[in-house]
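Colleague: coordinates only, no sequence provided:
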């Protein structure tokens with residue numbers, strides 16, 4: 001697979017009206033696209049790429065009961081659709097379209113070396129975005145958030161939240177980075193055979209909490 005032409009796409013699954021969030025990085029870790037959408041919209045984005053490696057959230061963080069089952073069902077549907085479209089499971093030598101499962105929480109934990117703050121909080125978003133920025137992802141610099149804060153804006157409740165990516169997009173970005181890592185630095189990725197989720201690609205230094 002010619003890495004310079006490959007797009008690395010991370011996909012996160014939620015239970016919102018638009019159940020998929022995806023983010024795409026090129027070989028230079030430039031952010032090419034990020035959006036929310038339905039299954040058809042997500043697949044339409046992938047099918048238009050001549051060479052792509054997709055990493056899907058393996059849902060280890062999903063909720064319990066019905067919500068979790070719904071997310072697992074959407075994940076299985078997505079995997080079947082990708083296979084129908086010609087995506088082969090990583091690692092598949094010389095295949096222009098490959099996909100893998102991963103866990104964004106594991107990616108962030110490996111990058112941080114510690115537990116992270118809740119991803120729905122401003123602090124958690126800043127933490128995750130900064131971790132990606134520090135490893136070279138060409139995304140918004142989260143430190144700009146602080147430059148936009150003034151006494152007046154604080155008093156008026158005007159926070160520059162547009163400088164931070166939503167939690168689903170941050171998880172998708174982490175998955176995209178893992179896909180990039182799997183092809184550019186495969187020695188930093190290990191393949192884990194999870195009895196519940198199947199084959200999962202995870203960053204090095206596995207931890208029990210993964």
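Modeller: On my side now, so go ahead. Predicted, not measured: the structure shown is a model, and the values here were computed from it. Numbering: from 1, shown residues only.
Colleague: right, and the helix or strand after the worst-scoring helix or strand of the chain on mean pLDDT?
Modeller: Within the chain, confidence by mean pLDDT, DSSP states H and E is lowest for helix 65-84 among all helices and strands, at a mean of 80. Tracing the chain C-terminally past helix 65-84 and defining elements by DSSP states H and E, one meets strand 88-89 next.
Colleague: elements contacting the helix or strand following that following strand?
Modeller: Beyond strand 88-89 in the direction of the C-terminus, DSSP H and E gives the next helix or strand as strand 97-102. With contacts defined as 3 or more Cβ pairs under 8 Å, 6 or more residues apart in numbering; DSSP states H and E, the secondary structure elements packing on strand 97-102 are strand 52-57, helix 65-84, strand 88-89, helix 167-184, strand 198-203. (Glycine included, C-beta is placed from N, CA and C.)
Colleague: next, the angle strand 97-102 makes with the second one.
Modeller: What that stands for is helix 65-84. Using axes from the mean of the first three to the mean of the last three Cα atoms, to 10 degrees, the interaxial angle of helix 65-84 with respect to strand 97-102 works out to 160 degrees.
Colleague: before we move on, the earlier item: of all the helices and strands packed on strand 97-102, which one comes closest to residue 22?
Modeller: Shortest distance between residue 22 and the helices and strands packed on strand 97-102, using Cβ to Cβ, is found for helix 167-184: 5.4 Å.
Colleague: returning to that earlier point: flag every buried residue along the least confident helix or strand of the chain.
Modeller: The neighbour-count check on helix 65-84 (16 or more other Cβ atoms under 10 Å) flags 71-72, 74-75, 78-79, 81-82 as buried.
Colleague: ok, now stretch 93-104?
Modeller: Residues of stretch 93-104 classed as buried: 95-104 (neighbour count, 16+ other Cβ under 10 Å).
Colleague: out of those, who's nearest residue 9?
Modeller: Closest to residue 9 out of those is residue 99 (8.8 Å), distances taken as Cβ to Cβ.
Colleague: so that closest one is in contact with residue 56, correct?
Modeller: Yes. In this structure, residue 99 is within contact of residue 56 by Cβ atoms under 8 Å, at 6.5 Å.
Colleague: now the common contact residues for those two.
Modeller: Residues touching both residue 99 and residue 56 (Cβ atoms under 8 Å, 6 or more residues apart in numbering) are residue 79.
Colleague: next, the angle from the helix or strand containing residue 42 to strand 52-57.
Modeller: Taking DSSP H and E as the criterion, the element that holds residue 42 is helix 39-47. When the same axes, to 10 degrees is applied, the directions of helix 39-47 and strand 52-57 differ by 140 degrees.
Colleague: so how far is helix 39-47 off the chain centroid?
Modeller: For helix 39-47, the separation from the chain centroid amounts to 16 Å (computed by Cα atoms, centre = their mean, to the nearest Å).
Colleague: residues of that helix that come out buried?
Modeller: Residues of helix 39-47 classed as buried by neighbour count (16+ other Cβ under 10 Å): 42-43, 45-46.
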